[in-house]
Every structure is written in C-alpha cells, then in structure tokens.
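Enquirer: Everything below, folded, please.
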Amino acid sequence: MSNKYLSNHIKRPEITRGNALLIITLISILCSAIFLRILPAKYGFYLNEFDPYYNYRAVEFIIKNLEEHGINGIVNYINWQDIRTWYPEGRPVLNTSQVGLHLTGATTYLIFTGIFGKIISIYDFLVLFPVIIGSLTTLMMFLLVRNIAGNTAGIFSALMIAFSPAIIVRGNLGWFKSEPLAILIGISAFYLFLKIQNRNIKLNKMILTSILIGTLLGFGNTTWGGAYFFIIVYAATLLLTPLIVRNYDRLIQSAIIIVSFTFITTAIFPRPGLTFIFGPVGFLLVSSLLFLILAKIIKVLLQGNDEKIKQNLNKTDKFLRNTPRHVKILIILIVAIGISGTILFITNSLAPLTERYLTVLLPFQKTANPLVESVSEHFSPTGQLYFTIYSILIILSAFGAIQTIRKRSINYIFVAIIGILSIYFSSSFSRLLVFSSIGISILASIGFVTLNSIIFKKRKINLNTKMLKQKQFTNEISREVKILYSVIIIIVLFIPAIHPTSGWITASDTPTTLASSSINTKQSIPDWKNALDWIENNTEEDSVFIAWWDYGYWITVEGNRTTVADNATINQTRIEQIATMFMSDHNEGERILRELKGDYVVIFISGIKVFDPENNQIVYRLGLGGDESKKQWFIKIAGLNSEDYLYNDRFTGKPNFWNNTMLGKMIPLEFVQYVDLTKGEFMGNEYKDGGRTIGVDAVYVYREKFTEDDNLKLVFSSPSMNQIPEYGSEIFAAVLIYEIK
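Expert: Numbering: from 1, shown residues only. Have a look, this model is predicted:
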C-alpha cells in the first residue's frame, strides 16, 4: 500500500483554533480540580472522615465474594448481616446502606483491574475515587450549562465547581461517601434532560435517553438520600412548565418514561425502595406527571374559547384578559395538589420522613433531636458563610436569575428552579451547601455571560436623516471602560480563590480526618492511627469496643474489632445508653458497661499542652474537638440537666463532672486553676462568670484516677498525651483505651 494511497484516503483530523482553545481550557480545569481534591495527600493517604471506612469495607466484601464465589458473591452481599458492628445484634447491610455507592465502587474497581491489572489496592482505589468523580463533575457541569447559555458560561460554571469549597470538602481525597457520585449522576441526568427537549431529536433517541435519565435518577436515590433534590427539581419543572411554555408535547412524552424508570430503579433496591414511591417525594413526582398530562388536555379543550372570552371581558381587567383560562385552572390544580399532599402527610397516609428530611423541608423549624443537632455537618449555614464561600458569585447569580425569569423556555424554567431550590434546601444543613454551589454556579455563569455581552457587544444603530441616509454607526462602550471592567472582574473572581485565610485553595489544603486525628488543623497527628494499630495488634480478635459513635467505623475497619455503635446511628437507644454511661457515676456506669458486654472503652480528648520547666510538668488546656468538647451533647442526649455538670459557658466542667462521672474520671487530668488567656495571668481556683466566653479557661495537669481496685484499667495512651512539646506548646489529640476488667 503506497503512501499516496494512504494520503488520499486518510485525512488528518482538523480542529479549529476555537475548539483547540476550548479543549485546552477544559483540560486545565480538569487538572485544577484534580490538584485541589488530591491536595490532602501531603498529610497522609487515607480515607477521609468516618463513613468512607464502612463503605470501603462493604466494597471489599463484594469484590472478595465475587472473586471467591462468582455471581453468588452478590447473593452473599444481599444477605450480609454485619456482626462486627452494633454488637450483639449486628447490622443488615442491604437495608441500612447506600447500596448504589457500594456497587459502583466495586464495579469500577473490577473494570479498572480488568484493564490495567491489580496495580492498586481496593483501599487506594477508593481513596482516589472521589477525586476522579468530582473532577469529572466539572466537565459534566460544562456540558449542562453550555446547553443553556453557550461555551463561555459552561467554562465559567465548570471552573466554579472545580474550585467551590462546599463541593471540594465533600468530595476530596478519601471522601468515599455519597455526595460526589450522587452529584455526578444528578448533573448528568439534568444534562440529558435538557438535550431531549430539542424538537429535532428523533423519537427513538428520545425514548432511549429518557430511559437512561429515569435510571440515573432512580440509581442516584440509592447512593444518597440528598439525591431527592434532583427529583424535586424535575418534578417542579413538570409543574411550572404548563404555566409558562406553550408547547411541551416532548416534555410529556419523556416525562412518562422518566418517571416510570425512576420508580422502577428505585424500587429494585431496599433503600429507599418502596418508601420513596409511597413517600412525599414520590407523591410529588406522580402528581407533577399527572398534572402535566391533565394540563395538556385542559389546554386543548379550552384553547378555542379563550379568545371569545377575552373579547367579552372589561378592558380594565388586565389580569383576566391576559391570562388564558386554562392557566387559571392549572394554578387551582397546583394549589389542590399542595393541599392534598399536606393532608396526606399530616394524616400519615404517606411514608413518614425522618427528622433530617423534615428539617430540609422546613429549614426554619429545627429538629429537637439532640443526636441530629450534635452533628457538625447538620449546623445551619449563616449568611456570612455564604458570602465567604461565594463572594461576588452571589451578585452574578442574582443577575443571572433575573435573566432566566425573563425567558419563556423549559431550559430557563429548569435553571430558575435549580437556583431557587438549591438555596432553599442548603439553608437547612451545612452539608447541603453542595446544592447551593450547583445553583449559584449555573446562575452566576448566565449572569457573567450576560454582563459580558452588555460590556463587549457592538451595537449598530441606523441614522436616517436628510444629511445621513441609512448609514450605520457602531455604538460601543469605550476601550478604557472595557479594560477597567476586565481588570475588576478578574480581581473579584480571584480574591475568594486565593485569599490566604478563607480562600478556596486554602479550604482544599486540609488533611483527611484520620491523618489529623479528627482535629481541625493543617498538620499530621498520628495518635488515632497509632491507637488503631495497637488495637489490632494487642487485643483479642473477638474483643468488643465501646466508644462514642463517631469512632465506630475506625475501630471496626482500621482496628479490625467489633463495636457496639458507629456512624450509621441506626440504634439511637444504644447511643443514648453510651451517653448515659459516660455521664453516670461509677456504679451506674459499670452497670451499663456490663449491659453493653464490652471489653474495652475508648475515649478521645484534645487541646493544647504547654511544658512548665519550673515544675517540670506539662500543663493542659482542653477543647479542640474530642470527647471533652462533646460532653454537652452527651448530657443532652442522655436527657440530663447540663447545669448539674457544666458552668454557664456550657463547656467548663463543674466538680460534679470531674469527680462523679465516668467520663470525668476517665480523662486523666486534674484541675489546677483558671488562667486569663487575654493577659496570660493565673486567676485562682474560682470560676469566673462567663468562663471561656470572656477568655478565661481552666488548666490541668496529668493524673490517672482509676486504681488497681477499680474495674477499669488504662492500657493505652497515645503518644501526644505525655510527650513533652518540642516548641514549648503544641496540640495534643490523645486516644485513651481502658480495659474492662
């Protein structure tokens, strides 16, 4: 075969300069997203937070069972009663887990190893999983927004998602939890939904794409409960479209398929399963579909009479003249759906919502459950937090929202709904700020592009006078104003990204929870890792550990031991029992320990330690996020009165706490006196009203309180507890393990 023949039949692919620049830009954004999400690796290559350890254990279980038993491995997973957690009854994995996340993790690992071989362990693969998924989300966001407002808006939105702190902190290195995968699935479904609104798309392609959308939405429900957000946005679009858009035949056709496959896919999995279909969100989805179909029927039946009715109305009645009769009927129907849903919900005719979902639905009516309140990610975000994260994007998104409201198309209705609902739902829990990032990035992109078009677009005007007939002149903003605008917009967009204290890059530079021993600091603290290694190597394999539920997954997976409670919080009575044990006196605490049938008790304390060379001893201050900072929640969850144990700063322990509770005695510290931190002066032994709120804190010295005659024995203390600080003062994060004799 000659070279001439090849040159005539094989042509070099051609690419325009604009497309080349677009590809380079997207690759740069993708690389930036990967870099920011992998940044915590410099502190240690671990799974992040707590839940990912359980999810890793489940994925490992699936893979090993598939390798050993073939397809029967899935059957073993379906029937898996995990007896290493929630001892002694165990945990039914299928009914209490995000199964979609486990299956995706196992499937992607098997595909990866099938192509490249086992060059990476399951653990390391899952540590990197959220980094890759989160980075791919930026590209999918580009496709979504480009479909609405063009390439420039798409690039801008992808950049915002790549750098958004709210997205990164819930999708960085080791975050093998629900959010990254569910967000990618949801945005992918949104993109496909907007694609099929094109009237030129063929029917068979529309049907296949609708099946895929419904499958994605349903599967998203199995990966994260928060994926209901995407369902609600879609349902709201079905409700509002008939009020604004004239032709929505394609929407009806696709909606029937999408809703059907959303229900089918969700129902296949026990969680959420039929609870979703018969719950409030399922009711909303069915109602919106029926409303959409009914709206079309009403419009067809009444369309011929609207013009005659308008002509007979008084001209001063503008609303009645300008509003078609079918729209008024549809508004009444929407109100009826809302009233019906409320009645069904109040009368418990629908599957009940958990307290967390109720708080999301009614963000201004907080849950009274202290267990839910005690979780930091359930705290409500403040206005200051929104401004810190989004800065100028808030203004751009408001401008973009105005532009979307002016448009009468399904695409822009969809975008407006995303923006409104994302802000509303994210106001309930800080963990849901990921939704506000999605909404604000889309709206801000539209606002940014619109503002640019105003500044840079040339406007031609026609002058028709006696002297100048039909001549065109260009009326544009001056070059100086354009340059000034460009400089200002670049500065205001980059300040939140590079700010040294609250910048987006700074927020990404955070160690994984295990690397920092769950202390909010940018340094590696190995105490928890050392403790978990000690547990695995120095305790019996059938040992049972009691600890506050935060640390259950770590002990089960990294320590390879059985626990009585963990982060699943599926047995709130058990958690209340542990809280009561910590706050009980010695006799009652030991009775509860016997009930729990544990062999070891683990506590975790943190703070600042300072070496006192005059007395040759270490002085301690408490309060960096260990159990000493959670005792007020122990008290509340146990149903006790905090005034019996704490002073009015709700942190400093009274003598009753230190002398008469299990937790107070397990903390091997003895009170010395109070110190005024603002002046660096000792204040004596009397508590100052206000305590820590006015800058006065208690200091302690080390002293173990249990003797040989007691039934608890301190068998492990992590290094930072008693090591002399190298630089005068340093953080300590001490894990203390007591054997129950």
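Enquirer: Which helix or which strand is home to the closest residue to Asp612 other than its chain neighbours?
Expert: Distances taken as CB to CB, 6 or more residues apart in numbering place Val619 nearest to Asp612, at 5.3 Å, with adjacent residues excluded. (C-beta placed from N, C-alpha, C; glycine too.) If you go by DSSP states H and E, Val619 is part of strand 617-622.
Enquirer: Give the buried residues for the host helix or strand of Thr107.
Expert: Element membership for Thr107, per DSSP H and E: helix 99-116. For helix 99-116, a neighbour-count test (16 or more other CB atoms under 10 Å) marks Val99, Gly100, Leu101, His102, Leu103, Thr104, Gly105, Ala106, Thr108, Tyr109 as buried.
Enquirer: With stretch 723-730 instead?
Expert: Glu730.
Enquirer: who's in contact with it?
Expert: Outside of stretch 723-730, the residues within contact range by CB atoms under 8 Å, 6 or more residues apart in numbering are Ile608, Lys609, Val610, Phe611, Ile618, Ser720.
Enquirer: picking that back up, quickly note the distance from the residue nearest to Asp612 to Asp627.
Expert: According to CB to CB, to the nearest Å, Val619 stands 20 Å off from Asp627.
Enquirer: which of those two has more neighbours?
Expert: Legend: neighbour count by other CB atoms under 10 Å for Val619 and Asp627, higher for Asp627 (23 against 18).
Enquirer: Can you give me every residue that contacts the more buried one?
Expert: Counting by CB under 8 Å, 6+ apart, the residues that Asp627 touches are Trp548, Phe582, Ile603, Phe604, Ile605, Phe634, Leu663, Ile667.
Enquirer: And the residues you listed, which is closest to Ala162?
Expert: Phe604 (34.6 Å; CB to CB).
Enquirer: Show the contacting residues for that closest one.
Expert: Ser518, Trp528, Ala547, Trp548, Tyr551, Gly626, Asp627, Ala733, Ala734, Val735, Leu736.
Enquirer: Okay, and the beta partners of it?
Expert: Val735 (DSSP bridges).
Enquirer: That one and Trp528, how far apart?
Expert: Taking CB to CB as the measure, Phe604 falls 8 Å from Trp528.
Enquirer: hey, what's in contact with both of the two?
Expert: Ser518, Ala733, Val735.
Enquirer: By neighbours, which of those residues wins?
Expert: Val735 (28 neighbours).
Enquirer: can I assume Arg621 is in contact with Gly607?
Expert: Yes. Between Arg621 and Gly607 there is a contact at 4.9 Å, judged by CB atoms under 8 Å.
Enquirer: These two: which has the busier surroundings?
Expert: Gly607 (22 against 19).
Enquirer: burial count for the nearest residue to the more buried one once chain neighbours are set aside?
Expert: Spatial nearest neighbour of Gly607, chain neighbours left out: Leu622 (4.2 Å); criterion: CB to CB, 6+ apart. Leu622: 23 surrounding residues under other CB under 10 Å.
Enquirer: worst-scoring helix or strand of this structure, pLDDT-wise?
Expert: When the helices and strands of the chain are scored by mean pLDDT, DSSP states H and E, helix 318-322 comes last with a mean of 47.
Enquirer: Need the residues that contact the next helix or strand after it.
Expert: Next in sequence after helix 318-322, counting helices and strands by DSSP H and E, comes helix 325-346. Applying CB under 8 Å, 6+ apart, the contact partners of helix 325-346 are 239, 242-243, 280, 283-284, 287-288, 291, 294-295, 298-299, 301-303, 305-306, 309, 349-350.
Enquirer: same thing but at 6 Å, please
Expert: Helix 325-346 is contacted by residues Pro242, Leu243, Pro280, Phe283, Ser287, Ala295, Ile298, Lys299, Leu302, Asp306, Leu350 when judged by CB atoms under 6 Å, 6 or more residues apart in numbering.
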